[in-house]
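Peer 1: pasting a predicted model and its sequence here:
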Amino acid sequence: MSPHTRRQALRAVGVCSPLVLAGCLTGERSPNEMRLEQLQVVNYVQKSHTVSVEITDDDERVYHDSVEVPSADEDTAGWGNDTWSDGAFEDYPTEAGAYMIRTWLDTQSRDEGRTIDLREYEHDCVEMRGLIGDPRMDLGSTLSIWRSFGCSAEREETE
């Protein structure tokens, strides 16, 4: 290698290394932003519940609402042998954001609920469904959060 080429390489490393290290030293990364396409609750238990949701975008609250979900009894819809009822949240933010979603039952405090940090995922869109109970297991009135990253708008574009 000629001295001229080595000098050029060292100069390039000297100029570029502060830029590369700047991101490494701060430990910061830009959060992933995602669209929220669906936000609903399905109840599999024989007791009605109120479910609350709080959505923050970069730690600023942008949405808060509660939905009463009827009990799952014989008059509700069914999948196979399972009866269920459902409720849907409305007017939640649908534009892309760095969202954290916290949800809890009326029998829980806000801090006892479930939290999903959508910034941890690298997708464009998410559909979220809260499940009260589970038809496959006897979980009682336990709240779980299910998410799907294959949103209907994206599925329609590929079909």
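Peer 2: Yes, it's here. Computed from a predicted structure; not experimentally measured.

Peer 1: may I have the phi/psi pair for the nearest residue to residue 127 once chain neighbours are set aside?
Peer 2: With sequence-adjacent residues excluded and distances taken as Cβ to Cβ, 6 or more residues apart in numbering, residue 127 is closest to residue 38, at 3.8 Å. C-beta coordinates here come from the backbone N, C-alpha and C atoms, glycine included. With angles defined as degrees, to the nearest 10, residue 38 sits at phi -150, psi 140.

Peer 1: surely residue 38 meets residue 129?
Peer 2: Yes: counting by Cβ atoms under 8 Å, residue 38 does reach residue 129; the two are 7.2 Å apart.

Peer 1: show me the contacts for the closest residue to residue 51 other than its chain neighbours.
Peer 2: Leaving aside its sequence neighbours, residue 51 sits nearest to residue 41 (Cβ to Cβ, 6+ apart; 4.8 Å). Listed by Cβ atoms under 8 Å, 6 or more residues apart in numbering, the contact set of residue 41 reads 51, 67, 69, 86-89, 129-132.

Peer 1: check which helix or strand residue 41 maps to.
Peer 2: Taking DSSP states H and E as the definition, one finds residue 41 inside strand 35-43.

Peer 1: pull out the buried positions in that strand.
Peer 2: 35-39, 41-43 (16 or more other Cβ atoms under 10 Å).

Peer 1: now distance to residue 120 and pLDDT too, for the residues you listed, in TSV please.
Peer 2: Converted to TSV, those look like this (distance: Cβ to Cβ, whole Å; pLDDT from 0 to 100):
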residue	distance to residue 120	pLDDT
35	16	93
36	15	92
37	18	92
38	19	92
39	18	95
41	22	94
42	24	91
43	27	90
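
Peer 1: just those residues now: which is nearest residue 56?
Peer 2: Distance to residue 56 across the buried residues of strand 35-43 (Cβ to Cβ) is lowest for residue 36, with 12.2 Å.
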